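> the sequence and its predicted three-dimensional model are supplied below.
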Amino acid sequence: MLDLDDYGTSDFLQILKRRHPELLAMSDAPDAVSRAHISESSLRSYEGTTVLAVVYNAGVIMAGDRQATEGYQVGERRIQKVYPVDRHSAIAVAGAAGPCIEMAKLFQVEVEFYEKTEGMSLSLEGQANFLSHLVRSNLALAMQGLIVLPLFAGYDLKRQRGRIFKYDAIGGRYEEDTYYAIGSGGKDARTTLKKRYTPEISRQEALESVAEALWDAADEDIATGGPDLIRKIFPTLYTITEEGVAEIPEATVEELYRDLISRLM
Amino acid sequence: MTGNPIPTCNETPAFVFAPWNLKDTDMSTPYYVSPEQIRQDKEDFVRRGIAQAKEVVVLEFRDGLLMVAENPRKTTFKISEIYDRIALAAAGRIAEYEALRVAGIRESEIKGFRYYREDVTAKWLTNLYSQHMGAVAQAWDAKPLEIELLVCEIGIPDASTHSGTQRNQIYHIAFDGIYSEEEKYAVIGGRATTITELLEQRYTDGLEMAAALQLVTETFQTVETDSEDDYEITPETIEVACLEQTAERRKFRRLSTDEVARLLS
(Lines give C-alpha, C1' and ligand atoms only; values in the text may rest on other atoms or scores of the structure.)
Protein backbone atom coordinates (compact mmCIF):
# COMPACT_ATOMS: atom_id res chain seq x y z
CA MET A 1 0.00 0.00 0.00
CA LEU A 2 1.01 3.59 -0.51
CA ASP A 3 2.56 5.22 2.52
CA LEU A 4 0.11 7.99 3.34
CA ASP A 5 1.80 8.95 6.62
CA ASP A 6 3.83 11.76 5.11
CA TYR A 7 0.72 13.71 4.24
CA GLY A 8 1.03 17.35 5.30
CA THR A 9 4.78 17.49 4.80
CA SER A 10 5.67 19.77 1.95
CA ASP A 11 9.35 19.33 2.76
CA PHE A 12 10.79 16.77 0.38
CA LEU A 13 14.11 16.73 2.25
CA GLN A 14 12.40 15.52 5.44
CA ILE A 15 10.72 12.70 3.53
CA LEU A 16 14.01 11.63 1.94
CA LYS A 17 15.81 11.76 5.29
CA ARG A 18 13.19 9.59 6.91
CA ARG A 19 12.55 7.10 4.13
CA HIS A 20 15.62 7.11 1.91
CA PRO A 21 18.62 8.53 3.79
CA GLU A 22 20.86 6.54 1.44
CA LEU A 23 19.98 8.95 -1.37
CA LEU A 24 21.48 11.92 0.48
CA ALA A 25 25.24 12.40 0.65
CA MET A 26 24.58 15.57 2.57
CA SER A 27 22.20 14.46 5.30
CA ASP A 28 22.86 15.64 8.85
CA ALA A 29 24.22 12.41 10.23
CA PRO A 30 26.08 10.34 7.68
CA ASP A 31 28.45 8.85 10.25
CA ALA A 32 30.43 6.97 7.67
CA VAL A 33 31.19 10.15 5.77
CA SER A 34 31.93 12.36 8.73
CA ARG A 35 34.28 9.82 10.29
CA ALA A 36 36.06 8.97 7.07
CA HIS A 37 39.32 10.76 6.64
CA ILE A 38 39.10 12.63 3.39
CA SER A 39 42.36 14.20 2.35
CA GLU A 40 42.21 16.77 -0.37
CA SER A 41 44.63 14.92 -2.62
CA SER A 42 42.88 11.55 -2.34
CA LEU A 43 39.49 13.01 -3.16
CA ARG A 44 39.65 14.36 -6.65
CA SER A 45 36.64 16.61 -6.77
CA TYR A 46 35.98 19.26 -9.35
CA GLU A 47 35.98 22.80 -8.08
CA GLY A 48 36.75 26.38 -9.03
CA THR A 49 34.12 28.65 -10.43
CA THR A 50 32.83 32.09 -11.04
CA VAL A 51 29.09 32.57 -10.80
CA LEU A 52 27.35 35.90 -10.44
CA ALA A 53 24.04 37.70 -10.36
CA VAL A 54 23.18 41.28 -11.31
CA VAL A 55 19.95 43.12 -10.63
CA TYR A 56 18.81 45.17 -13.62
CA ASN A 57 15.76 47.30 -14.35
CA ALA A 58 13.46 44.41 -15.35
CA GLY A 59 14.72 41.69 -13.02
CA VAL A 60 17.97 39.88 -12.44
CA ILE A 61 20.64 38.20 -14.57
CA MET A 62 22.40 35.10 -13.37
CA ALA A 63 25.50 33.71 -15.05
CA GLY A 64 28.34 31.29 -14.61
CA ASP A 65 31.44 30.01 -16.38
CA ARG A 66 31.58 26.43 -17.64
CA GLN A 67 34.84 25.01 -16.35
CA ALA A 68 35.47 22.57 -13.52
CA THR A 69 39.04 21.98 -12.37
CA GLU A 70 40.68 18.97 -10.80
CA GLY A 71 43.84 20.18 -9.09
CA TYR A 72 45.80 21.95 -11.83
CA GLN A 73 43.93 20.17 -14.62
CA VAL A 74 40.77 21.04 -16.46
CA GLY A 75 38.25 18.44 -15.31
CA GLU A 76 35.24 19.41 -17.37
CA ARG A 77 34.75 22.16 -19.93
CA ARG A 78 30.97 22.24 -20.28
CA ILE A 79 29.72 21.90 -16.72
CA GLN A 80 26.51 23.67 -15.84
CA LYS A 81 26.64 25.89 -12.75
CA VAL A 82 23.38 27.82 -13.06
CA TYR A 83 20.08 25.94 -12.69
CA PRO A 84 16.55 27.31 -13.00
CA VAL A 85 14.58 26.47 -9.84
CA ASP A 86 10.99 27.48 -10.51
CA ARG A 87 9.43 29.92 -12.96
CA HIS A 88 10.97 32.92 -11.20
CA SER A 89 14.18 31.80 -9.58
CA ALA A 90 17.54 30.20 -10.28
CA ILE A 91 20.44 28.88 -8.25
CA ALA A 92 24.15 29.01 -9.06
CA VAL A 93 26.65 26.91 -7.18
CA ALA A 94 30.36 27.10 -6.38
CA GLY A 95 32.50 24.50 -4.66
CA ALA A 96 32.94 20.75 -4.94
CA ALA A 97 31.08 19.81 -8.11
CA GLY A 98 29.38 16.58 -6.96
CA PRO A 99 27.74 17.97 -3.82
CA CYS A 100 27.05 21.24 -5.70
CA ILE A 101 25.02 19.52 -8.41
CA GLU A 102 23.22 17.43 -5.84
CA MET A 103 22.28 20.49 -3.82
CA ALA A 104 20.98 22.31 -6.89
CA LYS A 105 18.93 19.27 -7.94
CA LEU A 106 17.54 18.69 -4.47
CA PHE A 107 16.67 22.35 -4.08
CA GLN A 108 14.83 22.40 -7.41
CA VAL A 109 12.87 19.23 -6.52
CA GLU A 110 12.07 20.64 -3.08
CA VAL A 111 10.63 23.89 -4.44
CA GLU A 112 8.63 22.10 -7.13
CA PHE A 113 7.35 19.53 -4.62
CA TYR A 114 6.13 22.34 -2.41
CA GLU A 115 4.41 24.04 -5.34
CA LYS A 116 2.61 20.88 -6.46
CA THR A 117 1.48 19.68 -3.05
CA GLU A 118 0.42 23.11 -1.77
CA GLY A 119 -1.00 24.27 -5.09
CA MET A 120 0.95 27.54 -5.03
CA SER A 121 4.56 28.60 -5.50
CA LEU A 122 6.86 28.91 -2.53
CA SER A 123 7.65 32.62 -2.09
CA LEU A 124 11.11 33.84 -3.11
CA GLU A 125 11.88 34.66 0.52
CA GLY A 126 10.71 31.16 1.51
CA GLN A 127 12.97 29.61 -1.11
CA ALA A 128 15.92 31.69 0.09
CA ASN A 129 15.32 30.62 3.69
CA PHE A 130 14.97 26.98 2.77
CA LEU A 131 18.28 27.11 0.92
CA SER A 132 19.91 28.14 4.23
CA HIS A 133 18.83 24.83 5.74
CA LEU A 134 20.25 22.94 2.78
CA VAL A 135 23.62 24.69 3.08
CA ARG A 136 23.69 24.06 6.82
CA SER A 137 22.92 20.37 6.41
CA ASN A 138 26.01 20.14 4.22
CA LEU A 139 28.19 21.33 7.12
CA ALA A 140 29.65 17.88 7.87
CA LEU A 141 30.90 17.59 4.30
CA ALA A 142 32.01 21.22 4.29
CA MET A 143 34.26 20.47 7.28
CA GLN A 144 35.92 17.78 5.16
CA GLY A 145 36.67 20.30 2.46
CA LEU A 146 33.67 19.49 0.26
CA ILE A 147 32.18 22.94 0.56
CA VAL A 148 29.11 24.02 -1.40
CA LEU A 149 28.20 27.68 -1.62
CA PRO A 150 25.14 28.72 -3.58
CA LEU A 151 24.14 32.06 -4.97
CA PHE A 152 20.38 32.42 -5.29
CA ALA A 153 18.47 34.96 -7.35
CA GLY A 154 14.94 35.45 -8.49
CA TYR A 155 12.20 37.84 -9.41
CA ASP A 156 10.04 38.67 -6.40
CA LEU A 157 6.50 38.88 -7.75
CA LYS A 158 5.20 40.65 -4.64
CA ARG A 159 7.93 43.29 -4.53
CA GLN A 160 8.21 43.53 -8.32
CA ARG A 161 12.00 43.41 -8.50
CA GLY A 162 14.97 41.10 -8.85
CA ARG A 163 16.66 39.96 -5.64
CA ILE A 164 19.96 38.23 -4.86
CA PHE A 165 20.86 36.10 -1.82
CA LYS A 166 24.32 34.88 -0.86
CA TYR A 167 25.22 32.31 1.82
CA ASP A 168 28.06 31.40 4.12
CA ALA A 169 29.20 27.84 4.86
CA ILE A 170 27.04 27.46 7.96
CA GLY A 171 23.87 28.59 6.26
CA GLY A 172 23.89 32.31 6.99
CA ARG A 173 21.74 34.14 4.46
CA TYR A 174 22.50 37.67 3.28
CA GLU A 175 20.71 39.74 0.68
CA GLU A 176 22.54 41.83 -1.91
CA ASP A 177 20.70 44.73 -3.53
CA THR A 178 22.76 45.20 -6.65
CA TYR A 179 25.16 42.45 -7.73
CA TYR A 180 27.29 39.69 -6.32
CA ALA A 181 29.73 37.04 -7.49
CA ILE A 182 31.10 33.97 -5.73
CA GLY A 183 33.64 31.24 -6.44
CA SER A 184 37.39 31.33 -6.95
CA GLY A 185 37.04 34.16 -9.48
CA GLY A 186 34.25 35.91 -7.61
CA LYS A 187 36.40 38.73 -6.30
CA ASP A 188 37.65 39.63 -9.79
CA ALA A 189 34.14 39.54 -11.22
CA ARG A 190 32.90 41.78 -8.39
CA THR A 191 35.61 44.33 -9.16
CA THR A 192 34.45 44.62 -12.75
CA LEU A 193 30.79 44.80 -11.74
CA LYS A 194 31.63 47.46 -9.17
CA LYS A 195 33.07 49.70 -11.90
CA ARG A 196 30.30 49.07 -14.42
CA TYR A 197 27.17 48.84 -12.32
CA THR A 198 24.69 51.70 -12.22
CA PRO A 199 21.27 51.66 -10.54
CA GLU A 200 18.43 50.82 -12.98
CA ILE A 201 20.96 49.42 -15.46
CA SER A 202 19.37 48.29 -18.73
CA ARG A 203 19.25 44.69 -19.91
CA GLN A 204 21.83 45.19 -22.66
CA GLU A 205 24.27 47.05 -20.41
CA ALA A 206 23.81 44.43 -17.69
CA LEU A 207 24.52 41.61 -20.16
CA GLU A 208 27.68 43.37 -21.35
CA SER A 209 28.84 43.91 -17.76
CA VAL A 210 28.22 40.26 -16.95
CA ALA A 211 30.19 39.09 -19.99
CA GLU A 212 33.06 41.41 -19.08
CA ALA A 213 33.02 40.39 -15.42
CA LEU A 214 33.27 36.71 -16.35
CA TRP A 215 36.03 37.55 -18.83
CA ASP A 216 38.04 39.35 -16.14
CA ALA A 217 37.47 36.50 -13.68
CA ALA A 218 38.78 34.00 -16.24
CA ASP A 219 41.70 36.30 -16.96
CA GLU A 220 42.81 36.49 -13.31
CA ASP A 221 41.71 33.12 -11.92
CA ILE A 222 43.12 29.89 -13.34
CA ALA A 223 40.11 27.88 -12.20
CA THR A 224 37.57 29.97 -14.14
CA GLY A 225 36.99 29.20 -17.79
CA GLY A 226 36.70 31.96 -20.38
CA PRO A 227 34.72 31.83 -23.63
CA ASP A 228 36.01 29.06 -25.87
CA LEU A 229 35.60 30.28 -29.44
CA ILE A 230 37.10 27.15 -30.95
CA ARG A 231 34.95 24.59 -29.13
CA LYS A 232 32.02 27.02 -29.02
CA ILE A 233 31.65 26.87 -25.26
CA PHE A 234 30.33 30.04 -23.68
CA PRO A 235 29.25 31.01 -20.17
CA THR A 236 25.59 30.38 -19.38
CA LEU A 237 23.44 33.46 -18.85
CA TYR A 238 19.86 33.53 -17.60
CA THR A 239 17.49 36.46 -17.21
CA ILE A 240 14.75 36.24 -14.59
CA THR A 241 11.89 38.69 -15.02
CA GLU A 242 8.18 38.82 -14.35
CA GLU A 243 7.70 36.62 -17.46
CA GLY A 244 9.93 33.92 -16.01
CA VAL A 245 13.38 32.41 -16.34
CA ALA A 246 14.91 32.54 -19.84
CA GLU A 247 18.29 31.36 -21.03
CA ILE A 248 20.18 33.75 -23.29
CA PRO A 249 20.74 31.87 -26.57
CA GLU A 250 24.30 30.75 -27.21
CA ALA A 251 24.50 32.84 -30.39
CA THR A 252 23.74 36.02 -28.40
CA VAL A 253 26.38 35.16 -25.81
CA GLU A 254 28.90 34.52 -28.58
CA GLU A 255 28.12 37.92 -30.04
CA LEU A 256 28.59 39.58 -26.63
CA TYR A 257 32.04 38.04 -26.41
CA ARG A 258 33.04 38.84 -29.99
CA ASP A 259 32.14 42.49 -29.32
CA LEU A 260 34.06 42.45 -26.06
CA ILE A 261 37.15 40.93 -27.67
CA SER A 262 37.13 43.42 -30.55
CA ARG A 263 36.92 46.25 -28.02
CA LEU A 264 39.84 44.86 -26.04
CA MET A 265 42.12 44.36 -29.06
CA MET B 1 -29.09 -10.48 20.87
CA THR B 2 -27.05 -7.45 21.84
CA GLY B 3 -23.35 -6.74 22.21
CA ASN B 4 -20.52 -5.93 19.90
CA PRO B 5 -20.94 -7.99 16.75
CA ILE B 6 -17.54 -7.08 15.31
CA PRO B 7 -15.06 -9.99 15.60
CA THR B 8 -11.97 -9.05 17.57
CA CYS B 9 -9.55 -11.48 15.97
CA ASN B 10 -6.87 -10.06 13.71
CA GLU B 11 -7.09 -12.84 11.15
CA THR B 12 -9.59 -12.50 8.33
CA PRO B 13 -12.66 -14.29 9.72
CA ALA B 14 -14.59 -16.95 7.85
CA PHE B 15 -17.68 -14.80 8.11
CA VAL B 16 -17.33 -11.26 6.99
CA PHE B 17 -19.23 -8.12 7.86
CA ALA B 18 -19.78 -5.09 5.83
CA PRO B 19 -19.94 -3.01 9.05
CA TRP B 20 -20.47 0.27 7.19
CA ASN B 21 -23.73 -1.15 5.86
CA LEU B 22 -25.03 -2.34 9.23
CA LYS B 23 -28.21 -0.88 10.62
CA ASP B 24 -29.34 -1.33 14.22
CA THR B 25 -31.78 -4.00 13.15
CA ASP B 26 -28.96 -6.04 11.69
CA MET B 27 -27.19 -6.48 15.02
CA SER B 28 -27.77 -10.17 15.30
CA THR B 29 -25.57 -13.22 15.06
CA PRO B 30 -22.74 -12.88 12.54
CA TYR B 31 -23.73 -14.54 9.32
CA TYR B 32 -21.94 -15.94 6.32
CA VAL B 33 -21.64 -13.64 3.32
CA SER B 34 -20.28 -14.92 0.05
CA PRO B 35 -17.27 -13.14 -1.50
CA GLU B 36 -19.44 -12.17 -4.49
CA GLN B 37 -21.93 -10.58 -2.15
CA ILE B 38 -19.22 -8.67 -0.29
CA ARG B 39 -17.86 -7.31 -3.53
CA GLN B 40 -21.33 -6.41 -4.74
CA ASP B 41 -22.14 -4.63 -1.46
CA LYS B 42 -18.98 -2.60 -1.65
CA GLU B 43 -19.56 -1.77 -5.28
CA ASP B 44 -23.11 -0.62 -4.58
CA PHE B 45 -21.87 1.46 -1.69
CA VAL B 46 -19.23 3.20 -3.85
CA ARG B 47 -21.58 3.58 -6.80
CA ARG B 48 -24.06 5.50 -4.64
CA GLY B 49 -21.24 7.88 -3.69
CA ILE B 50 -19.85 8.26 -7.20
CA ALA B 51 -23.34 8.73 -8.70
CA GLN B 52 -23.45 12.17 -7.11
CA ALA B 53 -19.96 13.10 -8.26
CA LYS B 54 -19.69 15.57 -11.10
CA GLU B 55 -17.85 14.37 -14.17
CA VAL B 56 -14.28 14.77 -15.36
CA VAL B 57 -13.40 14.29 -19.01
CA VAL B 58 -9.94 13.75 -20.45
CA LEU B 59 -9.54 13.84 -24.18
CA GLU B 60 -6.79 13.93 -26.71
CA PHE B 61 -6.42 17.07 -28.80
CA ARG B 62 -3.85 18.09 -31.36
CA ASP B 63 -1.14 19.20 -28.91
CA GLY B 64 -1.78 16.83 -26.03
CA LEU B 65 -4.43 15.99 -23.49
CA LEU B 66 -7.21 18.29 -22.34
CA MET B 67 -8.84 17.76 -18.95
CA VAL B 68 -12.17 19.33 -18.08
CA ALA B 69 -14.18 18.95 -14.86
CA GLU B 70 -17.49 20.35 -13.75
CA ASN B 71 -16.30 22.26 -10.72
CA PRO B 72 -17.52 25.69 -9.64
CA ARG B 73 -14.95 25.94 -6.81
CA LYS B 74 -11.95 28.16 -7.27
CA THR B 75 -9.31 26.56 -5.08
CA THR B 76 -10.26 22.91 -4.61
CA PHE B 77 -9.31 21.14 -7.77
CA LYS B 78 -10.20 17.78 -9.25
CA ILE B 79 -7.37 17.85 -11.78
CA SER B 80 -3.77 18.26 -10.74
CA GLU B 81 -0.17 18.01 -11.78
CA ILE B 82 1.71 14.96 -10.56
CA TYR B 83 4.98 15.03 -12.46
CA ASP B 84 6.54 16.42 -15.63
CA ARG B 85 4.29 14.55 -18.07
CA ILE B 86 1.68 13.14 -15.70
CA ALA B 87 -1.59 14.53 -14.40
CA LEU B 88 -4.28 13.07 -12.18
CA ALA B 89 -8.04 13.63 -12.33
CA ALA B 90 -10.58 12.30 -9.84
CA ALA B 91 -14.29 12.05 -9.20
CA GLY B 92 -15.63 11.36 -5.73
CA ARG B 93 -14.55 12.30 -2.24
CA ILE B 94 -12.07 15.18 -2.33
CA ALA B 95 -10.41 14.21 0.97
CA GLU B 96 -9.66 10.67 -0.22
CA TYR B 97 -8.40 11.95 -3.54
CA GLU B 98 -6.18 14.53 -1.87
CA ALA B 99 -4.24 11.91 0.11
CA LEU B 100 -3.62 9.89 -3.07
CA ARG B 101 -2.68 12.97 -5.07
CA VAL B 102 0.01 14.02 -2.61
CA ALA B 103 1.26 10.44 -2.23
CA GLY B 104 1.55 10.25 -6.04
CA ILE B 105 3.60 13.45 -6.22
CA ARG B 106 5.81 12.22 -3.39
CA GLU B 107 6.48 8.78 -4.83
CA SER B 108 7.11 10.26 -8.29
CA GLU B 109 9.60 12.80 -6.95
CA ILE B 110 11.40 10.10 -4.99
CA LYS B 111 11.61 7.85 -8.04
CA GLY B 112 12.72 10.72 -10.28
CA PHE B 113 15.34 11.79 -7.74
CA ARG B 114 16.68 8.26 -7.39
CA TYR B 115 16.75 7.43 -11.12
CA TYR B 116 15.86 9.90 -13.86
CA ARG B 117 12.86 12.11 -14.49
CA GLU B 118 11.80 10.19 -17.60
CA ASP B 119 11.65 6.95 -15.62
CA VAL B 120 8.52 8.16 -13.85
CA THR B 121 5.60 6.87 -15.92
CA ALA B 122 1.82 6.82 -15.75
CA LYS B 123 1.86 3.01 -15.96
CA TRP B 124 4.01 2.78 -12.84
CA LEU B 125 1.89 5.32 -10.97
CA THR B 126 -1.32 3.57 -12.03
CA ASN B 127 -0.06 0.29 -10.58
CA LEU B 128 0.86 2.05 -7.35
CA TYR B 129 -2.63 3.53 -7.01
CA SER B 130 -4.27 0.32 -8.17
CA GLN B 131 -2.50 -1.78 -5.52
CA HIS B 132 -3.38 0.70 -2.80
CA MET B 133 -7.03 1.06 -3.77
CA GLY B 134 -7.35 -2.71 -4.21
CA ALA B 135 -5.92 -3.36 -0.76
CA VAL B 136 -8.28 -0.85 0.85
CA ALA B 137 -11.27 -2.27 -1.01
CA GLN B 138 -10.41 -5.81 0.07
CA ALA B 139 -9.75 -5.04 3.73
CA TRP B 140 -12.62 -6.46 5.74
CA ASP B 141 -12.60 -3.67 8.30
CA ALA B 142 -12.18 -0.67 6.03
CA LYS B 143 -14.51 1.33 3.86
CA PRO B 144 -13.56 1.22 0.18
CA LEU B 145 -12.38 4.51 -1.29
CA GLU B 146 -15.25 6.38 -2.90
CA ILE B 147 -13.20 7.68 -5.81
CA GLU B 148 -12.38 6.95 -9.41
CA LEU B 149 -9.13 8.14 -10.93
CA LEU B 150 -7.77 8.98 -14.34
CA VAL B 151 -3.99 8.91 -14.61
CA CYS B 152 -2.88 10.68 -17.79
CA GLU B 153 0.49 10.91 -19.45
CA ILE B 154 1.45 12.88 -22.52
CA GLY B 155 3.64 10.94 -24.97
CA ILE B 156 7.38 11.48 -25.24
CA PRO B 157 8.62 12.65 -28.64
CA ASP B 158 10.39 9.60 -29.94
CA ALA B 159 12.09 9.28 -33.31
CA SER B 160 11.67 5.49 -33.30
CA THR B 161 7.90 5.57 -33.68
CA HIS B 162 6.30 6.45 -37.00
CA SER B 163 4.19 9.31 -35.70
CA GLY B 164 7.21 10.97 -34.11
CA THR B 165 5.69 10.74 -30.65
CA GLN B 166 4.84 7.94 -28.31
CA ARG B 167 1.14 7.90 -27.85
CA ASN B 168 -0.61 9.50 -24.92
CA GLN B 169 -1.79 7.24 -22.15
CA ILE B 170 -4.98 7.39 -20.11
CA TYR B 171 -5.64 4.89 -17.31
CA HIS B 172 -8.99 4.64 -15.61
CA ILE B 173 -8.80 3.21 -12.07
CA ALA B 174 -11.98 2.07 -10.35
CA PHE B 175 -12.49 2.14 -6.56
CA ASP B 176 -11.27 -1.47 -6.19
CA GLY B 177 -8.02 -0.86 -8.04
CA ILE B 178 -9.12 -2.51 -11.26
CA TYR B 179 -7.82 -0.37 -14.08
CA SER B 180 -8.22 -0.15 -17.79
CA GLU B 181 -6.33 1.64 -20.52
CA GLU B 182 -8.48 4.12 -22.45
CA GLU B 183 -7.92 5.52 -25.91
CA LYS B 184 -8.55 9.07 -27.12
CA TYR B 185 -10.88 10.00 -24.27
CA ALA B 186 -12.10 8.86 -20.88
CA VAL B 187 -14.83 9.97 -18.50
CA ILE B 188 -15.36 9.45 -14.77
CA GLY B 189 -18.22 10.54 -12.51
CA GLY B 190 -21.91 9.81 -12.05
CA ARG B 191 -23.07 10.16 -15.63
CA ALA B 192 -19.87 8.89 -17.24
CA THR B 193 -21.71 6.38 -19.44
CA THR B 194 -24.00 9.01 -20.96
CA ILE B 195 -21.08 11.36 -21.63
CA THR B 196 -18.99 8.59 -23.16
CA GLU B 197 -21.86 7.78 -25.52
CA LEU B 198 -22.11 11.42 -26.56
CA LEU B 199 -18.36 11.63 -27.12
CA GLU B 200 -18.43 8.48 -29.22
CA GLN B 201 -20.74 10.28 -31.63
CA ARG B 202 -19.01 13.64 -31.67
CA TYR B 203 -15.30 13.11 -31.08
CA THR B 204 -12.87 13.48 -33.97
CA ASP B 205 -9.08 13.21 -34.08
CA GLY B 206 -6.77 16.18 -34.19
CA LEU B 207 -9.04 18.80 -32.64
CA GLU B 208 -7.65 22.21 -31.76
CA MET B 209 -7.75 23.04 -28.05
CA ALA B 210 -10.69 25.44 -28.45
CA ALA B 211 -12.69 22.88 -30.43
CA ALA B 212 -11.94 20.15 -27.92
CA LEU B 213 -13.00 22.37 -25.04
CA GLN B 214 -16.19 23.33 -26.86
CA LEU B 215 -16.98 19.68 -27.47
CA VAL B 216 -16.66 18.87 -23.78
CA THR B 217 -18.70 21.85 -22.57
CA GLU B 218 -21.45 21.08 -25.10
CA THR B 219 -21.52 17.50 -23.88
CA PHE B 220 -21.71 18.67 -20.25
CA GLN B 221 -24.49 21.09 -21.18
CA THR B 222 -26.47 18.36 -22.95
CA VAL B 223 -26.26 16.15 -19.88
CA GLU B 224 -27.16 19.00 -17.53
CA THR B 225 -30.13 20.08 -19.64
CA ASP B 226 -31.47 16.53 -19.49
CA SER B 227 -31.15 16.43 -15.71
CA GLU B 228 -33.81 17.75 -13.32
CA ASP B 229 -32.15 20.86 -11.96
CA ASP B 230 -31.06 23.04 -14.82
CA TYR B 231 -27.43 24.00 -14.43
CA GLU B 232 -25.56 26.17 -16.86
CA ILE B 233 -22.02 25.40 -17.95
CA THR B 234 -19.97 28.60 -17.99
CA PRO B 235 -16.23 29.30 -17.72
CA GLU B 236 -16.89 29.85 -13.98
CA THR B 237 -18.39 26.41 -13.43
CA ILE B 238 -15.69 24.32 -15.07
CA GLU B 239 -12.11 23.55 -14.24
CA VAL B 240 -9.77 23.18 -17.21
CA ALA B 241 -6.18 22.00 -17.43
CA CYS B 242 -4.01 20.45 -20.09
CA LEU B 243 -0.84 18.52 -20.76
CA GLU B 244 0.73 20.30 -23.70
CA GLN B 245 3.42 18.97 -26.00
CA THR B 246 4.61 22.54 -26.66
CA ALA B 247 5.43 23.19 -22.99
CA GLU B 248 8.92 22.82 -21.56
CA ARG B 249 9.72 20.12 -19.02
CA ARG B 250 6.53 20.55 -16.99
CA LYS B 251 3.73 19.85 -19.46
CA PHE B 252 0.86 20.55 -17.09
CA ARG B 253 -0.92 23.88 -17.25
CA ARG B 254 -4.07 25.12 -15.54
CA LEU B 255 -6.20 27.43 -17.71
CA SER B 256 -7.51 30.60 -16.10
CA THR B 257 -11.21 31.48 -16.24
CA ASP B 258 -10.37 34.28 -18.70
CA GLU B 259 -8.53 31.91 -20.98
CA VAL B 260 -11.39 29.42 -20.88
CA ALA B 261 -13.85 32.20 -21.71
CA ARG B 262 -11.67 33.27 -24.64
CA LEU B 263 -11.48 29.72 -25.97
CA LEU B 264 -15.24 29.26 -25.67
CA SER B 265 -16.21 32.56 -27.29
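In hand now; what should we look at? Numbering: from 1, shown residues only, chains lettered A, B, ... in the order given.

> show me which residues of the stretch 151-265 of chain B sit near chain A.
Applying C-beta under 8 Å from any C-beta of the partner chain, we find that the stretch 151-265 of chain B lies next to chain A at B:Arg250. For glycine as for every other residue, the C-beta is placed from the backbone atoms N, C-alpha and C.

> hey, where'd the helices end up in the chain?
Went with chain A since none was named. Ranges of helices in chain A, per DSSP state H, are A:12-19, A:31-35, A:97-118, A:124-136, A:139-143, A:186-196, A:203-220, A:250-264.

> ah, no, chain B please
Taking DSSP H as the criterion, chain B carries its helices at B:35-51, B:94-114, B:122-138, B:192-202, B:209-226, B:257-264.

> using a markdown table, lay out these together with mean neighbour count and mean pLDDT.
Below are these laid out as a markdown table (neighbours: other C-beta atoms under 10 Å in any protein chain shown; pLDDT from 0 to 100):
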| stretch | mean neighbour count | mean pLDDT |
| --- | --- | --- |
| helix B:35-51 | 14 | 90 |
| helix B:94-114 | 20 | 95 |
| helix B:122-138 | 19 | 95 |
| helix B:192-202 | 15 | 95 |
| helix B:209-226 | 18 | 93 |
| helix B:257-264 | 15 | 96 |
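
> need those in CSV (columns: distance to B:Thr234).
Converted to CSV, the helices of chain B look like this (distance: least, C-beta to C-beta, whole Å):
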stretch, distance to B:Thr234
helix B:35-51, 24
helix B:94-114, 22
helix B:122-138, 31
helix B:192-202, 18
helix B:209-226, 9
helix B:257-264, 8
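
> nearest the geometric middle of chain A, what residue?
Nearest to the mean C-alpha position of chain A, counting by C-alpha atoms, centre = their mean, stands A:Ala92 at 0.7 Å.

> confidence score at A:Leu43?
pLDDT, A:Leu43: 47.

> of the helices of chain B, which approaches A:Ala63 most closely?
Nearest to A:Ala63 among those is helix B:94-114; the distance by C-beta to C-beta comes to 26.8 Å.

> that closest one near chain A at all?
Yes. Contact of helix B:94-114 with chain A (C-beta under 8 Å from any C-beta) involves B:99-100, B:102-103, B:105-107, B:109-110, B:112-114.

> centre of the chain to that helix, how far?
Centre-to-centre, helix B:94-114 and its host chain are 14 Å apart (C-alpha atoms, centre = their mean, to the nearest Å).

> one step back: quick one, which of the helices of chain A gets closest to chain B.
Smallest distance to chain B across these (C-beta to the nearest C-beta): 5.0 Å, for helix A:97-118.

> report the buried residues of the closest one.
For helix A:97-118, burial by neighbour count (16 or more other C-beta atoms under 10 Å in any protein chain shown) applies to A:97-104, A:106-117.

> circling back: out of the helices of chain B, which is closest to B:Val151?
Closest approach to B:Val151 among those is made by helix B:122-138 (4.8 Å; C-beta to C-beta).

> and the closest one, is it in reach of chain A?
Yes. Contact of helix B:122-138 with chain A (C-beta under 8 Å from any C-beta) involves B:128-129, B:131-132, B:135-136.

> pick the one among those closest to A:Tyr179.
The closest of these, once distances to A:Tyr179 are taken by C-beta to C-beta, is B:Leu128, at 46.6 Å.

> what is the mean pLDDT for stretch A:109-125?
94.

> need the residues of the stretch 1-150 of chain A near chain B, please.
Counting by C-beta under 8 Å from any C-beta, the residues of the stretch 1-150 of chain A close to chain B are A:1-4, A:6-7, A:12, A:15-16, A:19-20, A:23, A:105-106, A:109, A:112-113, A:116-117, A:119.

> what number of residues lie near the closest residue to chain B within the stretch 1-150 of chain A?
Closest to chain B within the stretch 1-150 of chain A is A:Leu2: 4.3 Å, counting by C-beta to the nearest C-beta. Counted by other C-beta atoms under 10 Å in any protein chain shown, the residues lying close to A:Leu2 total 19.

> so how far is A:Thr9 from it?
Applying C-beta to C-beta, to the nearest Å, one obtains 15 Å for the distance of A:Leu2 from A:Thr9.

> distance check, B:Gln52 against A:Asp6.
Noted for B:Gln52: a distance of 30 Å to A:Asp6, by C-beta to C-beta.

> swap that for A:Ala217, sorry
Between A:Ala217 and A:Asp6 the computed distance is 43 Å (C-beta to C-beta).

> what of B:Leu150?
Using C-beta to C-beta, one gets 24 Å for the distance from B:Leu150 to A:Asp6.

> which of those two has more neighbours?
Taking other C-beta under 10 Å, B:Leu150 and A:Asp6 do not tie; B:Leu150 has more neighbours (27 against 19).
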